[in-house]
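# Only the shape, not the letters, is given here:
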């Protein structure tokens with residue numbers, strides 16, 4: 001308690017000297033909620049968002065995912081498949097609070113959309129199916145939110161479905177996600193008999209009028225047969241959150257009645273500090289419980305004033321400092337998403353952390369140092385746009401105008417040397433060769449691929465060094481299928497596509513010393529540089545912050561002057577893009593500069609860059625190199641009858657079983673399986689289980705390939 005109080009006091013002192021300024025900050029920023037909707041595929045994220053927009057008056061007719069007319073699923077591919085592919089942003093208002101909502105995808109191939117959304121959000125709603133409970137992707141997105149310390153609510157949806165079991169889902173959340181989740185609501189009935197909810201804070205039952213599509217709802221006494229259970233759950237709730245509020249703790253210890261406002265204050269505080277997750281329930285499709293969910297967003301999720309302030313880095317001094325949510329401070333924002341719009345061009349989605357920006361302002365991209373003009377500011381409602389004049393701290397919106405901004409860039413006012421932490425995205429695991437059907441399509445294909453790569457940080461385009469083929473890579477077969485479909489529909493490109501192939505990487509297994517020297521004359525001027533490097537293997541856990549390799553300088557300025565160090569480091573790391581075995585990227589290597597020579601007249605950045613590249617390449621060629629393959633985390637949910645055969649099939653695919661655990665009347669099998677063994681797995685699983693088993697997979701890590709498999713890969717790549 002004391003640490004939290006101290007932190008709050010420090011933040012309060014840092015926000016400014018003027019009390020009127022603090023009041024203005026608080027009056028504006030306290031009314032903002034930046035939230036995300038996250039869940040496993042088909043848990044009801046988009047349906048829930050659709051209801052939120054309806055009840056807040058943003059839309060006047062609710063669309064349905066299964067009908068292909070949901071507002072937030074605006075892409076043609078989303079409407080056809082009934083899934084969310086790209087995160088969509090919208091804004092609504094509830095109880096005089098502005099709620100900026102990002103509806104995120106549930107399919108693992110689009111996990112980067114969730115990652116970059118959570119990076120800029122202040123709160124989130126995790127949605128769980130009352131039948132399926134905590135499904136594989138639910139765990140993935142939950143742990144992504146853990147990484148960014150995002151406060152959460154949990155909403156157990158689909159209480160009207162056959163097989164719905166509220167208590168079982170709560171138990172799964174405790175076992176797999178967090179012990180700190182406690183119900184603040186209970187369902188009245190379930191399946192066909194699901195009628196409403198019990199509000200444990202106010203100790204009342206709430207029923208939603210289906211004739212008005214849930215717009216009207218009424219509070220009544222709790223049914224007598226549920227009163228004992230409601231009291232029991234409320235006592236557990238009070239006991240858990242009493243630790244976070246002195247006033248509530250005093251009442252609890254004195255065994256005094258706890259009023260609703262005291263309990264709400266304690267819940268809000270505990271939720272903000274990641275010590276509590278309020279659990280709610282309902283059925284979005286049946287228009288039950290969504291309005292009380294909106295109440296919980298306003299009551300319990302934090303405003304920009306309540307969250308941990310981001311840490312910025314001064315580019316010049318390298319000092320770290322807090323970026324305060326102050327609308328009077330210098331302008332700083334984070335570009336978390338790029339979208340190419342065929343009507344307005346490049347849309348740059350930003351979250352503003354401090355200050356404000358107006359239309360026609362000139363801003364600075366801290367990555368490039370370039371200054372660019374903001375021609376338009378757009379408030380987004382899915383794919384619809386509304387021009388606005390300005391934005392301030394706490395806002396999420398889109399800019400039009402700047403041309404050279406990428407996902408993860410820090411945007412500021414001029415001469416503000418601030419860098420915010422970048423997002424780390426997972427590696428792509430699957431690639432296909434692509435070529436234009438006609439010569440006239442070539443330029444259009446190249447241009448379109450660059451635009452798609454600008455939008456999606458997990459989509460890569462590169463040339464195969466030996467064959468000259470253009471390869472595109474992504475997070476899975478569905479990811480690349482959507483990309484190819486978009487090429488045809490949005491960009492009008494006709495292309496031939498090859499069979500999927502795995503994206504391998506390379507590493508070394510033993511340390512090696514490597515020399516490089518560049519001593520010659522170029523354009524009438526001498527060039528001189530000599531470097532000695534030690535290349536050493538690293539473990540995956542040795543790499544932090546998304547780094548692929550590490551460079552260490554162990555020489556003094558007397559051996560090699562300091563003004564050449566940056567050129568050596570950049571060249572060393574860039575030389576890791578092509579490995580010695582199959583021209584794949586080399587990772588998990590420590591490159592240490594241990595010696596060298598220079599010449600005061602002839603040495604230059606270019607000379608040291610070339611010498612370093614030669615040394616790294618020499619080292620890789622003479623090292624004990626090995627191939628690494630992508631390994632996927634596969635979750636299979638199957639009836640008991642097929643468990644043995646599915647495990648046998650996983651073993652035959654070089655898979656490692658992590659665990660087998662009950663999932664209601666079924667079993668969940670989690671295993672690590674190499675991606676190369678998983679092509680066509682959906683057909684094989686359907687055959688084994690008579691179509692009754694389902695699976696999901698996500699990238700887990702790259703792992704060294706066994707020697708016999710490596711030999712087969714190299715024979716196939718080299719064509720013998």
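Nice, thanks for sending it over. This structure is a prediction, so every number in the text was calculated from the model and none was measured.
# Could you list the low-pLDDT ranges of the stretch 51-200 of the chain?
When residues are selected by pLDDT under 70, those of the stretch 51-200 of the chain lie in 61-86, 106-109.
# can you give me the helices in it?
76-81, 111-118, 136-147, 166-176 (DSSP state H, counting those that start in this stretch).
# Check which helices and strands the second one sits against.
Counting contacts by 3 or more CB pairs under 8 Å, 6 or more residues apart in numbering; DSSP states H and E, helix 111-118 is packed against strand 32-39, helix 136-147, strand 332-341. No exception for glycine: its C-beta is placed from N, CA and C like everyone else's.
# I'd say residue 207 and residue 218 touch.
Yes - here residue 207 reaches residue 218: they are 5.5 Å apart, a contact under CB atoms under 8 Å.
# center of this protein - which residue?
Centroid-nearest residue in the chain: residue 115, 0.6 Å away (criterion: CA atoms, centre = their mean).
# got the contact list for stretch 478-492?
Applying CB atoms under 8 Å, 6 or more residues apart in numbering, the contact partners of stretch 478-492 are 76-77, 85, 107, 109-110, 342, 430, 432, 434, 444-445, 448-449, 451-452, 456, 458-459, 472-474, 493-495, 497, 500.
# Got a PyMOL select line for the buried ones in these?
Buried residues within those, by 16 or more other CB atoms under 10 Å, are selected in PyMOL with:
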select buried, resi 77+85+107+109+110+430+432+434+444+445+448+449+451+452+456+458+459+472+473+474+493+495+500
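# Let me know which of the helices of the stretch 51-200 of the chain is tucked in deepest.
helix 111-118 (a mean of 24; mean count of other CB atoms under 10 Å).
# Just want the angle from that helix to strand 332-341.
If you take axes from the mean of the first three to the mean of the last three CA atoms, to 10 degrees, helix 111-118 sits at 140 degrees to strand 332-341.
# Can you tell me what sits against helix 111-118?
Counting by CB under 8 Å, 6+ apart, 36, 38, 85-87, 102, 104-105, 124, 140-141, 144-145, 147-148, 150, 336-337, 407, 423-426, 456-458, 475, 698 sit against helix 111-118.
# filter those to the buried ones?
36, 38, 85-87, 102, 104-105, 124, 140-141, 144-145, 150, 336-337, 407, 423, 425-426, 456-458, 475, 698.
# so residue 40 touches residue 131, yeah?
No - Residue 40 is beyond contact range of residue 131, at 11.6 Å (criterion: CB under 8 Å).
# Between the two, which is the more surrounded one?
Comparing residue 40 with residue 131 by neighbour count (other CB atoms under 10 Å), the higher total belongs to residue 40, at 26 against 19.
# Distance of the more buried one relative to residue 194?
Residue 40 sits 21 Å away from residue 194, going by CB to CB, to the nearest Å.
# Next: residue 118.
31 Å.
# export the helices and strands packed on helix 111-118 to CSV and tack on distance to residue 674?
As requested, the helices and strands packed on helix 111-118 are exported to CSV (distance: least, CB to CB, whole Å):
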stretch, distance to residue 674
strand 32-39, 28
helix 136-147, 18
strand 332-341, 32
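# closest to residue 692 out of these?
helix 136-147 (17.3 Å; CB to CB).
# which strand of this structure spans the most residues?
strand 625-639 (DSSP state E).
# My guess is residue 90 contacts residue 53. True?
Yes - the criterion here is CB under 8 Å, and residue 90 meets it with residue 53 at 6.5 Å.
# Strands along the stretch 501-650 of the chain, start to end?
501-502, 505-508, 512-522, 525-537, 550-553, 589-597, 625-639 (DSSP state E, counting those that start in this stretch).
# deepest of the ones you listed, which one?
strand 505-508 (a mean of 24).
# Tell me where the stretch 101-250 of the chain has strands.
Using DSSP E, counting those that start in this stretch, strands in the stretch 101-250 of the chain cover 123-129, 152-157, 181-183, 185-188, 196-199, 204-208, 217-220.
# For the longest one, what is the distance to the chain centroid?
In this view, strand 123-129 has its centroid 14 Å away from the chain centroid, taken as CA atoms, centre = their mean, to the nearest Å.
# what helices or strands is that strand leaning on?
strand 32-39, helix 45-55, helix 136-147, strand 152-157, helix 166-176, helix 290-300.
# ok, residues contacting it?
33-40, 42-45, 48, 118, 134-135, 138, 141-142, 145, 150-158, 161, 169, 173, 277, 293, 297, 301-302.
# just the last one next, same as before
For strand 217-220, contacts defined as CB under 8 Å, 6+ apart pick out 199, 202, 204, 205, 206, 207, 208, 209, 291, 292.
# Go ahead and confirm residue 24 touches residue 305.
No - Residue 24 is beyond contact range of residue 305, at 11.9 Å (criterion: CB under 8 Å).
# Who has more neighbours out of the two?
Comparing residue 24 with residue 305 by neighbour count (other CB under 10 Å), the higher total belongs to residue 305, at 22 against 15.
# can you tell me which residues contact the nearest residue to the more buried one once chain neighbours are set aside?
Counting by CB to CB, 6 or more residues apart in numbering, the nearest residue to residue 305 once its immediate chain neighbours are dropped is residue 29, at 4.9 Å. Residue 29 makes contact with 303, 304, 305, 325, 327, 393, 394, according to CB under 8 Å, 6+ apart.
# Buried subset of those, written for ChimeraX?
The ChimeraX selection below is limited to those of these classed as buried (16+ other CB under 10 Å):
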select :303,304,305,325,327,393,394
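# just curious, which of the contacts of residue 29 is nearest to residue 379?
residue 394 (13.4 Å).
# Next, the closest residue to the closest one other than its chain neighbours: phi, psi?
Spatial nearest neighbour of residue 394, chain neighbours left out: residue 304 (3.9 Å); criterion: CB to CB, 6+ apart. Dihedral angles of residue 304 (phi, psi; degrees, to the nearest 10) stand at phi -60, psi -20.
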